[in-house]
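In: What follows is a predicted structure for the sequence shown.
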Amino acid sequence: MGVFSRFLDIVNANINSLLDKAEDPEKMIKLMMQEMEDTLIELKSSCAAKMANRAKTERTYKEAESAVRRWQARAELAISKAREDLAREALLAKKQAKSEMDRLKEELGSYDEVIRTAKDEINQIEDKLAAVKQKYQMMAERAKRAREEQAAQETLKRANDGATSSRFSDMEEKIDRMQANNDLNRHTSSSLDDKFRDLEEMDDIDAEIEELRKRAGL
């Protein structure tokens, strides 16, 4: 398939319709992008060659233009020196240079038209490629979200299955037992401290009573 045929196929392609009919839309859109990029390379290469040929033609045109001026000046010089024969030859050479200049000018116009068309085609393909890349990015983001949602659902499913619930229940029961033991230990330790404090207080009271008896001479 020639580059021009591919250009028409790409520009006229209905991206959404093609993707709707594709068995693998992601694969299809990748192929489309590759085709567009390959076509762009060929179009740009062809356009660059035409631009180079135009530059060469423009240099030749300027040389012909310079020749026209030079032969005109020589014809005038020959007339001033009474050399009509040389003047005629100069004017004949000028006419040939002018004919070449006109041909080259027309060729430059043709190159300008071809180059404008090539640049327009390149812009159309680039716009189409940008649209396809945007479409691909949207597809990739949707696929990523779908994968994330699926992973989240699987995690919830695992969290809600019987074995997991049982494990959480066992852990909660174990924690409850540990808290109960801690409360009992704190209570036992507190009771023992209270008993010893009572004994210590009784000793202090007994000592005070004995002191009072001594003072009273009893």
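Out: Yep, it's here. Residues are numbered from 1 along each chain as shown.

In: Poorly predicted segments of the chain, please.
Out: 1-23, 158-172, 175, 180-206, 208-209, 213, 217-218 (pLDDT under 70).

In: for it, what's the longest helix?
Out: Longest helix of the chain, by residue count under DSSP state H: helix 84-160.

In: what helices or strands is that one leaning on?
Out: helix 3-12, helix 15-21, helix 25-80 (3 or more C-beta pairs under 8 Å, 6 or more residues apart in numbering; DSSP states H and E). For every residue, glycine as well, the C-beta is placed using N, CA and C.

In: which residues does residue 61 contact?
Out: 101, 104-105, 108 (C-beta atoms under 8 Å, 6 or more residues apart in numbering).

In: Quick one: residues contacting residue 139.
Out: 25-26, 29.

In: List buried residues within the contacts of residue 61.
Out: Neighbour counting with 16 or more other C-beta atoms under 10 Å marks 101, 104 as buried within those.

In: Including distance to residue 34, could the contacts of residue 61 go into TSV?
Out: Below are the contacts of residue 61 laid out as TSV (distance: C-beta to C-beta, whole Å):
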residue	distance to residue 34
101	46
104	40
105	41
108	36
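
In: between the contacts of residue 61, which is closest to residue 89?
Out: Set against residue 89, the nearest of these by C-beta to C-beta is residue 101 (18.6 Å).

In: ok now do the residue nearest to the closest one when sequence neighbours are not counted, which residues does it touch?
Out: Once flanking residues are discounted, residue 101 sits nearest to residue 64: 3.9 Å by C-beta to C-beta, 6 or more residues apart in numbering. Listed by C-beta under 8 Å, 6+ apart, the contact set of residue 64 reads 97-98, 100-101, 104.

In: Could you rerun that using 6 Å?
Out: Applying C-beta atoms under 6 Å, 6 or more residues apart in numbering to residue 64 gives the contacts 97, 100-101, 104.

In: Same check on residue 92?
Out: Residue 92 is in contact with no residue at all, counting by C-beta under 6 Å, 6+ apart.

In: how close does residue 120 get to residue 140?
Out: 30 Å (C-beta to C-beta, to the nearest Å).

In: Dump the helices and strands packed on helix 84-160 to CSV, plus distance to residue 211.
Out: Shown next, in CSV, are the helices and strands packed on helix 84-160 (distance: least, C-beta to C-beta, whole Å):
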stretch, distance to residue 211
helix 3-12, 115
helix 15-21, 105
helix 25-80, 100
